[in-house]
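S.K.: everything below, folded, please.
(one chain, ligands or ions: 3)
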Amino acid sequence: MTTIHVGGASPYDVVIGRDLADRLPGMLGEKVERVAFLYAGTLGALAEPVLDRLVDRFEVLALGLPDGEAAKTAAVANDCWEALGEKGFTRSDAVVTFGGGATTDLGGFVAASWLRGVRVVHVPTTLLAMVDAAVGGKTGVNTGAGKNLVGAFHEPAGVLCDLTLLRTLPREELVAGLGEVVKCGFIADPRILELVEATDPATLDADSPVLEELVERAIRVKAEVVVADLKETGGADGHPGREMLNYGHTLAHAIEKREAYAIRHGEAVAIGCVYAAELARLAGRLDDATAARHRSAFERVGLPTTYDKAGFDDLVGSMRVDKKARGSQLRFLVLDGLARPSILAGPSDELLRAAFEAVSR
Ligand SMILES: NC(=O)c1ccc[n+]([C@@H]2O[C@H](COP(=O)([O-])OP(=O)(O)OC[C@H]3O[C@@H](n4cnc5c(N)ncnc54)[C@H](O)[C@@H]3O)[C@@H](O)[C@H]2O)c1
Ligand SMILES: O=C(O)C(=O)C[C@@H](O)[C@H](O)[C@H](O)COP(=O)(O)O
Ligand SMILES: [Zn+2]
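M.R.: Ligands and ions are numbered 1, 2, ... in the order given. Next comes the predicted model:
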């Protein structure tokens, strides 16, 4: 078992290991009386051991949520608020989330907004949620205009990454999670890329020690970044700060919207990172070999690196509501080299299009 401490004004621990359900009540603390257990509704059987531990110690309100991205709506958040209101949840009560990143984002947002903020502990059940969504306090829902446009920063009181929960995760979901892991390799920890390149991707499963190392490394990357710049206001000396975690996401979120969320987030991130690498290469900021390594690393684990050529105009429209945009200016997180994140502000239409050609099919 490994514990990664995430410092800052509201510090917490991310515990990574196996069969961790017994640790959950302790993470909630002594003062909590009632717990709202917000879980992905399709995962009832998987949630049972965790729910049992909660029922032993707390009064529990269990709310099954719609599966995946369908949970990330204002309407679902509202249903949760109404349920908490009916039970009279107070500020000394807490939320526990159990599911993938869509569940932790929605549940985190409910916790952030109920009474302006109650404790939340995340129990992520996908690789993606373990290495990314459950850590760092970004919570939120989608709107008609795009992804994650309403939300709040609300750090968890703890995160429990029980790798045994990944045993039932479909292969494509595990692969999607590797998209965010490989992203961390490019922005901050090249050892991640070496591990991915040296390992047969088929062996990366819930019981793989290499997967465990990848999980730990990706969480360390995220923890270090969010401690330095929780609210994404930027780092010192022009360093992009937390925006570095958004590598590949400008295009990724636009693709997800265009696909009505039928593409997995991690898949879209892979395409988005290859696109960002092409932008940087064509702008003369990234060498050819590192750009090519993007394509090979994401493809090696089974992720897509190309997208429908016809989508360009629609995607550019959606990218304009990306949170990194300022006024009419698009801003992209790019690399000036391996693990050297920086910002490309106001790229020309020609550059946007040329880079898109390189990822088009
Ligand atoms: N807040 C953040 O910092 C952050 C970071 C990255 C991603 N995200 C968000 O996370 C979401 C993507 O998360 P995701 O990839 O986990 O997708 P998801 O939550 O949609 O889960 C994917 C699918 O896996 C199923 N599933 C989950 N755990 C399972 C298990 N153990 N066994 C069997 N099936 C299981 C779910 O029911 C769902 O159908 C996106 O909405 C993305 O925007 C947020
Ligand atoms: O934690 C962050 O910061 C990230 O950007 C991590 C991303 O992987 C994640 O998908 C996040 O939800 C994107 O946030 P958004 O601010 O672009 O909505
Ligand atoms: Zn992401």
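S.K.: ok, residue 66 - contacts?
M.R.: Counting by Cβ atoms under 8 Å, 6 or more residues apart in numbering, residue 66 touches 41, 76. Where C-beta positions appear, they are placed from N, C-alpha and C, glycine not excepted.
S.K.: cool, and residue 2?
M.R.: Taking Cβ under 8 Å, 6+ apart, we find residue 2 in contact with 15, 16, 17, 216.
S.K.: how does it look with 6 Å?
M.R.: 16, 216 (Cβ atoms under 6 Å, 6 or more residues apart in numbering).
S.K.: quick check: phi and psi at it.
M.R.: Dihedral pair for residue 2: phi -120, psi 140, per degrees, to the nearest 10.
S.K.: can you tell me how far it sits from residue 346?
M.R.: Distance from residue 2 to residue 346, counting by Cβ to Cβ, to the nearest Å: 42 Å.
S.K.: in terms of helices and strands, where is the residue nearest to residue 288 when sequence neighbours are not counted?
M.R.: Excluding its sequence neighbours, the residue lying closest to residue 288 (Cβ to Cβ, 6 or more residues apart in numbering) is residue 281, at 6.4 Å. Per DSSP states H and E, residue 281 falls inside helix 265-282.
S.K.: check which element follows that helix along the chain.
M.R.: Past helix 265-282, the next helix or strand by DSSP H and E is helix 288-300.
S.K.: show me what the helix or strand hosting residue 148 is in contact with.
M.R.: Here residue 148 is covered by strand 146-153, with elements defined by DSSP H and E. Identification of contacts with strand 146-153 by Cβ under 6 Å, 6+ apart yields 109, 112, 137, 139-141, 143, 231, 253, 256-257, 318, 321.
S.K.: for the stretch 251-361 of the chain, which residues are neighbours of ligand 2?
M.R.: By Cβ under 6 Å from any ligand atom, the residues of the stretch 251-361 of the chain that approach ligand 2 are residue 323.
S.K.: next one: the stretch 101-250 of the chain
M.R.: Near ligand 2, when you scan the stretch 101-250 of the chain using Cβ under 6 Å from any ligand atom, you find 132, 136, 138, 148, 180, 242, 245, 246, 249.
S.K.: neighbours of the last one, how many?
M.R.: Looking back up the chat, that one is residue 249. 27 (other Cβ atoms under 10 Å).
S.K.: ok, now residue 327?
M.R.: 6.
S.K.: look at residue 290 and report its pLDDT.
M.R.: According to the prediction, residue 290 has pLDDT 98.
S.K.: look up the closest residue to it, ignoring the ones flanking it.
M.R.: Spatial nearest neighbour of residue 290, excluding adjacent residues (Cβ to Cβ, 6+ apart): residue 338 at 5.4 Å.
S.K.: so who does residue 179 touch?
M.R.: Residue 179 touches 266, 269, 270, 303, counting by Cβ under 6 Å, 6+ apart.
S.K.: surely residue 41 meets residue 64?
M.R.: Yes. The pair residue 41 / residue 64 is scored as a contact, 3.3 Å apart, by Cβ atoms under 6 Å.
S.K.: and the helix holding residue 281, how far out from the chain's middle?
M.R.: Centroid separation for helix 265-282 versus its chain: 16 Å, with Cα atoms, centre = their mean, to the nearest Å.
S.K.: between that helix and helix 288-300, how big is the angle?
M.R.: 170 degrees (axes from the mean of the first three to the mean of the last three Cα atoms, to 10 degrees).
S.K.: contacts for helix 265-282?
M.R.: 128, 176-177, 179-180, 183, 247-249, 251-252, 255-256, 286, 291, 294-295, 298, 303-305, 307, 332, 334-335, 351, 354-355, 358-359.
S.K.: now, which of those lie within helices?
M.R.: Among the contacts of helix 265-282, the members found in helices (DSSP state H) are 128, 176-177, 179-180, 183, 249, 251-252, 255-256, 291, 294-295, 298, 351, 354-355, 358.
S.K.: among the residues you listed, which are in reach of ligand 1?
M.R.: 128, 176.
S.K.: now the buried members of the ones in helices among the contacts of helix 265-282.
M.R.: Among the ones in helices among the contacts of helix 265-282, those buried by neighbour count (16 or more other Cβ atoms under 10 Å) are 128, 176-177, 179-180, 183, 249, 251-252, 255-256, 291, 294-295, 298, 351, 355, 358.
S.K.: if we can go back for a sec, is the helix holding residue 281 positioned near ligand 1?
M.R.: Yes. Under the criterion of Cβ under 6 Å from any ligand atom, ligand 1 is reached by helix 265-282 at 265, 266.
S.K.: kindly export that helix (C-alpha atoms) in CSV.
M.R.: The C-alpha trace of helix 265-282 is given here as CSV (Å, rounded to 0.1, in the frame of the first residue of the first chain):
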residue,chain,number,x,y,z
HIS,A,265,-12.6,10.8,-22.5
GLY,A,266,-9.2,9.1,-22.5
GLU,A,267,-9.6,8.3,-26.2
ALA,A,268,-10.3,11.9,-27.1
VAL,A,269,-7.4,13.0,-24.9
ALA,A,270,-5.0,10.8,-26.9
ILE,A,271,-6.1,12.4,-30.2
GLY,A,272,-5.9,15.9,-28.5
CYS,A,273,-2.4,15.3,-27.3
VAL,A,274,-1.2,14.2,-30.8
TYR,A,275,-2.9,17.3,-32.2
ALA,A,276,-1.2,19.6,-29.6
ALA,A,277,2.2,18.0,-30.4
GLU,A,278,1.6,18.7,-34.1
LEU,A,279,0.7,22.3,-33.3
ALA,A,280,3.9,22.7,-31.4
ARG,A,281,6.0,20.9,-34.1
LEU,A,282,4.6,23.1,-36.9
